[in-house]
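A.B. asks: build me a model:
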Amino acid sequence: MKTSCPFCKTEYSVTGVPTRVACAACGNEWAPVRAKNNFLLIFASICALLATLVFAIVITIKSPRPRKSPDPLIIESVQIIPTESKDNAHGFMVTGTVRNITDKIYGIPDMALELKNDSGDVIETIKIMPPAPLLDAGEHANFKQEVQIKSQSVRRANVVFAD
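C.D. replies: Prediction:
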């Protein structure tokens, strides 16, 4: 092991691990400090990182997935009444309510009227304007809109939030 006198900086090479060393040049005595082994420190750090990574992976895999929270806005009390104009154009009068069921303010997304045939397939989608841009916590907004349709084979219709 190599050591040096802290007073006069004379260097010595000693065997073993002595508890006290006396300097031949100045007579100073000191306890040599053993050099740290950096390899062990690096190895221990890598092991700790790997253990943390394995723990995080196990927790991620084993923990249950959070359930999707219910939608903050719901469409309710929808009435879709068939109408016919003077020029025999078919349409619907769509009325209903958008309700915020949370304790936070939310923006109302675009809405759509989905027109379906006998087998439940969507044959036409018509955009409906939201009744308001924002809806306060626990509040509701009514909507009413008349729409004209192209298809004669409409058997069912419902209002949804557009994606």
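A.B. asks: in this protein, which ranges drop under the pLDDT threshold?
C.D. replies: 34-37, 63-70, 86, 88 (pLDDT under 70).
A.B. asks: all strands for it, in order.
C.D. replies: For the chain, applying DSSP state E gives strands covering 2-4, 11-13, 21-22, 29-30, 73-84, 90-100, 106-107, 111-116, 122-128, 134-135, 140-148, 156-161.
A.B. asks: domain boundaries for the protein, per the record?
C.D. replies: 2-62, 73-161 (automatic domain parsing).
A.B. asks: quick one on the thing from earlier: would you turn the strands of the chain into CSV with mean neighbour count and distance to I57?
C.D. replies: The way it works is simple: take the backbone N, C-alpha and C, and place the C-beta from them, glycine included. Formatted as CSV, the strands of the chain follow (neighbours: other C-beta atoms under 10 Å; distance: least, C-beta to C-beta, whole Å):
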stretch, mean neighbour count, distance to I57
strand 2-4, 14, 44
strand 11-13, 10, 49
strand 21-22, 14, 50
strand 29-30, 12, 49
strand 73-84, 13, 37
strand 90-100, 18, 39
strand 106-107, 14, 35
strand 111-116, 19, 42
strand 122-128, 16, 42
strand 134-135, 17, 41
strand 140-148, 15, 45
strand 156-161, 16, 37
